[in-house]
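> Generate coordinates for the sequence data below:
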Amino acid sequence: MNRSIRRLASINQIQPLTVGCASLLLSLRPLRLREFIRLAVWSRPACAAFPALILPVVTLAASSPPTVLLTEELPAASITVTVSSEYSSGQAARHLVDGSGMRNGLHDNDHSAQTMWHTTQFPAATSPAAGVSASPAWVRFDFAQPQAFDSILIWNHNQVNFTDRGFRKMRILGSVDGAKWLSLTSPEVLELPRAGGSPGLDPIAIPNVRKTKALKSVVLAAEAKDGNYGGDYYGLSAVRFATNREVAEADLPVATGMACAGLPYAPYRPDGKPGREIAVTLKDAKLYGKVNIVVESAGAREETHLPGNPRGAEHFSVFMPATAGITNECEATIKLRSGRTTLEQTITVPGCKQRIYYVLMHSHCDIGYTDIQPHIAAKQAHNVVHALELIEQTKDYPKDSQFKWNTEGFWQVEQFYKIATAKQKAAFEQAVRERRICVDAMYGNLLTGLARGEELLRQLEFSAELGQRCGV
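Presented below is the predicted three-dimensional model:
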């Protein structure tokens, strides 16, 4: 019997053993597979001191298969969107759910909000449903079938230069029958962060405190006070209703094709050198887990590791090996691996034509069009003051990196002279001498084709005087 106990101990690393009515303690190594070992009663009648050795059922713990967190969104086809007002068809309410401006779950910053929604100017307060307070801006989502979800994803209004239109203080309400409305958040009034106006906006995830309820409708409503960040309009970029769940890697979707193309420009690599990029687009599935992409070209290899994306990714941009394709045409083989997805494609990458771009720093002069005349005069004068500050800050930079400013018309200079100190005026004229500020010779943007000779001469009178004073 002792030999049998020792043999069991050597196999399963059994620690102290007691027999009979006492307990049996087992310390087991963790194994890869889950096994259930049922050991029957073993007895030795001939040994009165040890009438029975009872071994209980032993479960050998197994490691769980790897999983990936997925964020599943309600499909746009199952959602009807109604809004308080709509500026135009270009800023349609449907943009909130149809994927406009979206790439890998990040939203763009379209300068005309053609991928977003916003209201008319100074909208009047209305109610989205009976029993719901009036709001200057609201969005109502009605689902084809009642839906339960974990969170609401909101991309605030991300139009470049106009993020002040984004929702600020707001409420999110839900209804199971379209008649009684419940708050879906805690606290009831939220303050949504302002978007940055840059491309690649991430959503704000707001937990649904009623996630166990299947809702028929949801309303997002801006508060009457501080409902946005000070703009004359209200807007949002996108809204999604999401449910999170873990899925085994083996059950993730498998992409069966991809399209690859060399981008026509050469941005800077992390090492500061120019490099070519390959755009990779999946054809029939999104990837949720980690992605590994290898690009082989010109006898070299570039490997990129990308993190998992719970909302799924189908567009990728990766660098080619250093120096490959910068000036000459070359072939590139792209190999993508993610879970069970394994794809490979070879493409021809045309050489990149090098160009030099010059950026002209100036402020366009629209008098009375974008704002009233006194406001424009003040802004243009301040632009020159700020230009002088940047000129001073960059004076020790390499010559081509020093800040330069251009005034579009001498009228801007005239507005600056009205508010400038003697020191600022001297700094301005010195900057003109050093070619750090260039002055448009004409007083304003005259329609020269309609001007008489004397009018043209009068246009140049002011700048000619400045030129004589500055010696240029």
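> hmm, who's touching the longest helix anywhere in the chain?
Assignment by DSSP state H gives helix 373-393 as the longest helix of the chain. For helix 373-393, the surrounding residues in contact (CB atoms under 8 Å, 6 or more residues apart in numbering) are 361, 363, 365-368, 370-371, 402-405, 407, 411-413, 415-416, 418-420, 424, 427-428, 431, 436-437. In this view, the C-beta of every residue, glycine as well, is placed from N, C-alpha and C.
> Would you mind checking the average pLDDT for that helix?
Regarding helix 373-393, the rounded mean pLDDT is 93.
> buried ones in that helix?
Across helix 373-393, burial judged by 16 or more other CB atoms under 10 Å covers 376-377, 380-381, 383-384, 387-388, 391.
> could those residues go into TSV alongside distance to Thr71?
Shown next, in TSV, are the buried residues of helix 373-393 (distance: CB to CB, whole Å):
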residue	distance to Thr71
Ile376	46
Ala377	51
Gln380	48
Ala381	50
Asn383	45
Val384	49
Ala387	46
Leu388	50
Ile391	49
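> now stretch 263-272, how far from the chain's geometric center?
21 Å (CA atoms, centre = their mean, to the nearest Å).
> One more: stretch 421-431?
43 Å.
> buried sites along it?
By neighbour count on 16+ other CB under 10 Å, the buried set for stretch 421-431 is 424, 427-429, 431.
> try stretch 353-364
362-363.
> you'd agree Lys283 is up against Gly257?
Yes. If you go by CB atoms under 8 Å, Lys283 and Gly257 touch, sitting 4.0 Å apart.
> And the longest strand along the chain, what does it pack against?
In the chain, ranked by residue count with DSSP state E as the criterion, the top strand is strand 235-248. Contacts defined by 3 or more CB pairs under 8 Å, 6 or more residues apart in numbering; DSSP states H and E place strand 235-248 against strand 67-73, strand 117-118, strand 138-147, strand 151-156, strand 215-222.
> tell me the average confidence for the last one?
Same thing as strand 215-222. Averaging pLDDT along strand 215-222 gives 98.
> List the contacts of it.
When contacts are defined by CB under 8 Å, 6+ apart, strand 215-222 is touched by residues 128-129, 132-133, 135-143, 146-149, 152, 154, 167-178, 181, 184, 228, 234, 236, 239, 241.
> Buried ones from those, can you make that a PyMOL selection?
Selection of buried members from the contacts of strand 215-222 for PyMOL, criterion 16+ other CB under 10 Å:
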select buried, resi 128+129+132+135+136+137+138+139+140+141+142+143+147+149+152+154+167+168+170+171+172+173+174+175+181+184+228+234+236+239+241
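> Break down the stretch 1-150 of the chain into its helices, ranges please.
All helices of the stretch 1-150 of the chain, identified by DSSP state H, counting those that start in this stretch, fall at 2-12.
> can you map out the strands along it?
Here the stretch 1-150 of the chain has its strands, by DSSP state E, counting those that start in this stretch, at 35-37, 58-60, 67-73, 79-83, 102-103, 106-107, 117-118, 138-147.
> Confirm for me that Ala248 is in contact with Pro65.
Yes. The criterion here is CB under 8 Å, and Ala248 meets it with Pro65 at 5.1 Å.
> which residues sit in contact with Gln147?
Residues counted as contacts of Gln147 (CB under 8 Å, 6+ apart) are 74, 78, 214-215, 241.
> And the pLDDT at Lys399?
88.
> tally of neighbours for it?
When neighbours are defined as other CB atoms under 10 Å, Lys399 has 5 of them.
> any idea how far it is from Gln430?
Distance, Lys399 to Gln430, by CB to CB, to the nearest Å: 17 Å.
> Ala144 now?
69 Å.
> and what of Ala124?
For Ala124, the distance to Gln430 (CB to CB) stands at 54 Å.
> now do Leu192
Distance from Leu192 to Gln430, counting by CB to CB: 47 Å.
> Make sure Lys273 is actually in contact with Met320.
No. In this structure, Lys273 is not within contact of Met320 by CB under 8 Å, at 11.9 Å.
> Please identify which of those two sits among more neighbours.
The residue with more neighbours, out of Lys273 and Met320, is Met320; 27 against 11, by other CB under 10 Å.
> Can you give me the neighbour number for Pro187?
Around Pro187 there are 8 other residues, counting by other CB under 10 Å.
> Over to Glu329?
Using other CB under 10 Å, the number of residues around Glu329 comes to 11.
> returning to what we had before: turn the contacts of Gln147 into CSV, including distance to Glu188.
Below are the contacts of Gln147 laid out as CSV (distance: CB to CB, whole Å):
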residue, distance to Glu188
Leu74, 23
Ser78, 27
Ala214, 21
Leu215, 16
Phe241, 19
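> Please type out the PyMOL selection for whichever of those residues turn out to be buried.
Paste this into PyMOL to select the buried members of these, with burial taken from 16+ other CB under 10 Å:
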select buried, resi 74+215+241
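> what's the closest of the contacts of Gln147 to Gln159?
Phe241 (23.4 Å; CB to CB).
> who touches Asp284 in this structure?
255-257.
> And for Ile79?
Counting by CB under 8 Å, 6+ apart, Ile79 has contacts 97, 141-144, 241.
> Name the member of these with the shortest distance to Val83.
Phe141 (10.1 Å).
> hey, what's the residue lying closest to that closest one once chain neighbours are set aside bridged with?
Using CB to CB, 6 or more residues apart in numbering and skipping residues adjacent in sequence, the residue nearest Phe141 is Val218, 4.7 Å away. When assigned by DSSP bridges, Val218 has beta-bridge partners Phe141, Gly174.
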